[in-house]
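1. Generate a structure from the sequence data that follows.
(2 chains)
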Amino acid sequence: MSAEAVPARDATASGEARAIIEVRGLEVGFEGRVGVLAGLLGRRGARARAVDGVDLDLYEGEVLALAGESGCGKTTTARAIMGLLRPQAGEIRFEGRPLGRRLRAYRREVQMVFQDPTGSLNPRKTIYEIVAEGLRIHRISQGPNGETEEELVARALSRAGLRPPERFYLLYPHELSGGQRQRVVIAGALVLDPRVIVADEPVSNLDASVRGEILALLMKLREELRISILVVTHDLGLAWTVADRVAVMYLGRIVEIGPAEEVLQRPRHPYTRALLDVVPEAGGIDRPILSGEPPDPTRVPNGCRFHPRCPAVASGRAARLGIEERCRTVPLAPLPAAQDHLVACYLAELGERP
Amino acid sequence: MGSQRYLVRKVLHAIATLLFVVAFNFYLFRIMPGDPITILARSQHLSRADIAEQIANLGLDKPLPQQLLIYLGDTFRGELGVDLRSGAPVSQLIAERLWPTILLVGISTVLSIGFGLLIGIKGAWQRGGLFDTTSLYTSLVFYSMPEGWLGMILIVLFAGLLGWFPAGQYESPADLTGFAHIVDVLNHLFLPCLTLTLGYIGEYAIVMRSSLLEVRGEDFITTARAKGVPDRDVRRRHAVPNALLPTLTLVFYSFGFVLGGAVVIESVFSWPGVGRLTYEAIGELNYPILQGVFLLSSVTVILFNLAADILYGYLDPRIREG
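-> Predicted coordinates:
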């Protein structure tokens, strides 16, 4: 594994990154609930397309932030990537091969970290059992260099910053602090030597004081173990801190993607701009924040999905530039997966700043 | 460690509850309207002197506080008093009725817990599926039915129309022994047991279902799935053990109530258990019997609750230090 990863890492440096996970044309929908009677009468709930055409690459050794408001489909995308949700359409490839039969092996390589470490840990299992579970499921009784199960668990715990590891073996999750619990979750992921970690809001449930530590830990794992990390977050400030690249999602689509410093310093989509306006680190707050209702995935607007809330449309700027009709009626194509800074916006197509 | 203090605290709690129940038992029946002697006198032609003598014999002429002291003393010596009507010791009367009650209520409780939990687990795991919807609504219907009414319907159907099972009683008048006797009792047991089981299942199914649904939404379940734990093991190793914790309280609570009998069903089916004894005793304000039955029932409920608490300490690591 590492023999293969080293040249790929070099390739990243020279600008030719190798995608470890490729998402193509992903669509995930949910059926709304209906009452029992209505269900018996054959009525169906409104269909929500939580993810509606997403192309995305995760490169080896990079941290990619998937950002957006709640309900934009970022968590659904992450869960589909984890193989926890069945996509209606599209494909997810791992190292060039589509998931499917290989799901079991894939589950070893791709690990997930959730927002709430308390909920992520089975309260009735000891820390040792929790961390060792991954090994037991995948029937790994020995490490690549002949390590015992206990040695592997101990290594994962210390890599996650829980030292000395033996001290934690017999403790239960409730005996640890929030930050320590999140480290246990991370140790449970690390014990399988994964290539990818998908972290869904990994620090938003933690005290401000331990957030930095957990983020630093994730960065260290990327540096030392060359793990690719997909961070799902609503917080562009966090994306700013940890990510190499940022993808901004709105209503089931990626609206802007590119290297973090470009997207966050020179946003080209009005939505990204609006999100940045509420991030203090980006020098925001005094400009008007996003108005209008949060989007409803059961009713996707015509044209550009963002137009009902777009400041450029509301201020008449789009009309002056002669694109308002297109904004309101002509749907935009989904953005392709690429390394460049891409944006789905008619305003940006004219070279205008948001 | 904290577990010893936990144990001691729970035992002290149980003892305190027991003391309260014993004292409360005494007053509870004496604040009921009417008095036992008038009721007894109604059925037996007694002279004024006879009545006075009987009152004195039973100690009912003494002031209440003194009666309470006598009652407390007797109770702690294990004496439950005598039946106001026959003069037989209450403990003996209850003991005679205990076995039929354990047979009926015990078996129904075990069956309904077993089926109820299975239904709840299967339903929650396939939430919204055909099994879930049908089982949920069926068990709700039986759960909300008055059990006496359900019993009567079953009597009409299986004893009356079809004639498959006897309509009541514990055994046939004929003197059967050995295997034939066992079959005869089981035959009599079937309908009341079915009624109680049907009536109880819903409660367990619903509690188990909602508890499992709650656990199912937890991130550690998703984490297990994401790690590749097969669905069956997610259910068996992660979801059900955690979902069983709240259900355990209900299960132990129900077992605690077994010895109290099933008043309505035992009456409907003329089943000679503790429940029917209670029913008869209420009719004639037979204080000692009522006190005895209530005491027995309270003690078992308290003991089973204590057992549940102790078991909880073992099963849920969060409680041990609590």
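2. Write out the residues of the stretch 201-322 of chain B neighbouring chain A.
-> When proximity is defined as C-beta under 8 Å from any C-beta of the partner chain, the stretch 201-322 of chain B approaches chain A at B:218-220, B:222-229, B:238, B:241-242, B:315-318. Every residue, glycine included, has its C-beta placed from N, CA and C.
3. Select only the buried ones of these in ChimeraX?
-> The ChimeraX selection below is limited to those of those classed as buried (16 or more other C-beta atoms under 10 Å in any protein chain shown):
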select /B:218,219,220,222,223,224,225,226,227,228,229,238,241,242,315,316,317
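4. ok, how many other residues are close to the closest residue to chain B within the stretch 151-300 of chain A?
-> Per C-beta to the nearest C-beta, residue A:172 is where the stretch 151-300 of chain A lies closest to chain B, at 4.1 Å. Residue A:172 has 20 neighbours, counted by other C-beta atoms under 10 Å in any protein chain shown.
5. Look at it and report its pLDDT.
-> At residue A:172, the model reports a pLDDT of 93.
6. That one: what's it in contact with?
-> Counting by C-beta atoms under 8 Å, 6 or more residues apart in numbering or on different chains, residue A:172 touches A:123-127, B:317-318.
7. Among the residues you listed, name the buried ones.
-> A:123-127, B:317.
8. Where does pLDDT dip in the chain?
-> Since you didn't name a chain, this refers to chain A. A:1-16, A:33-46, A:280-293 (pLDDT under 70).
9. I was thinking of chain B, sorry if that wasn't clear
-> B:1-3, B:40-46, B:320-322.
10. Residue A:197 versus the residue in it that chain A sits nearest to, what's the distance?
-> Distances between chain B and chain A by C-beta to the nearest C-beta are smallest at residue B:228, namely 3.5 Å. Taking C-beta to C-beta, to the nearest Å as the measure, residue B:228 falls 15 Å from residue A:197.
11. Does the residue nearest the centre of chain A lie in a helix or a strand, and which?
-> Nearest residue to the geometric centre of chain A (C-alpha atoms, centre = their mean): residue A:232, 3.1 Å. Here residue A:232 sits within strand A:228-233, counting by DSSP states H and E.
12. Show me what secondary structure element comes after that strand.
-> Past strand A:228-233, the next helix or strand by DSSP H and E is helix A:236-242.
13. Following element in sequence after that following helix, please.
-> Following helix A:236-242 in sequence, per DSSP H and E, is strand A:245-250.
14. So which residues make contact with the helix or strand just after that following strand?
-> Note on strand A:245-250: by DSSP H and E, the next helix or strand toward the C-terminus is strand A:253-259. With C-beta under 8 Å, 6+ apart as the test, strand A:253-259 has contacts from A:52-56, A:73, A:244-249, A:263, A:267-269, A:271-272, A:305-306, A:332, A:334-335, A:338, A:340-345.
15. Only alpha carbons, please: show the helix or strand hosting residue A:209 as CSV.
-> Assigned by DSSP H and E, residue A:209 belongs to helix A:208-225. C-alpha atoms of helix A:208-225 as CSV (Å, rounded to 0.1, in the frame of the first residue of the first chain):
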residue,chain,number,x,y,z
ALA,A,208,-14.1,25.3,21.7
SER,A,209,-11.0,24.4,23.8
VAL,A,210,-10.7,20.8,22.4
ARG,A,211,-11.8,21.7,18.8
GLY,A,212,-8.3,22.8,17.9
GLU,A,213,-6.8,19.6,19.3
ILE,A,214,-9.0,17.4,17.3
LEU,A,215,-8.4,19.4,14.1
ALA,A,216,-4.7,19.3,14.7
LEU,A,217,-5.0,15.5,15.2
LEU,A,218,-6.8,15.1,11.8
MET,A,219,-4.1,17.3,10.2
LYS,A,220,-1.4,15.1,11.7
LEU,A,221,-3.0,11.9,10.4
ARG,A,222,-3.0,13.4,7.0
GLU,A,223,0.7,14.4,7.3
GLU,A,224,2.0,11.2,8.9
LEU,A,225,-0.3,8.5,7.6
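16. what helices or strands is that helix leaning on?
-> strand A:63-67, helix A:178-190, strand A:196-200, strand A:228-233, helix A:236-242 (3 or more C-beta pairs under 8 Å, 6 or more residues apart in numbering or on different chains; DSSP states H and E).
17. Only the C-alpha atoms, please, for the first one, written as CSV.
-> When you say that, I think you mean strand A:63-67. The C-alpha coordinates for strand A:63-67 follow below in CSV (Å, rounded to 0.1, in the frame of the first residue of the first chain):
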residue,chain,number,x,y,z
VAL,A,63,-8.3,17.4,3.0
LEU,A,64,-11.4,18.3,1.1
ALA,A,65,-14.1,20.3,2.8
LEU,A,66,-17.7,19.9,1.7
ALA,A,67,-19.5,23.0,3.0
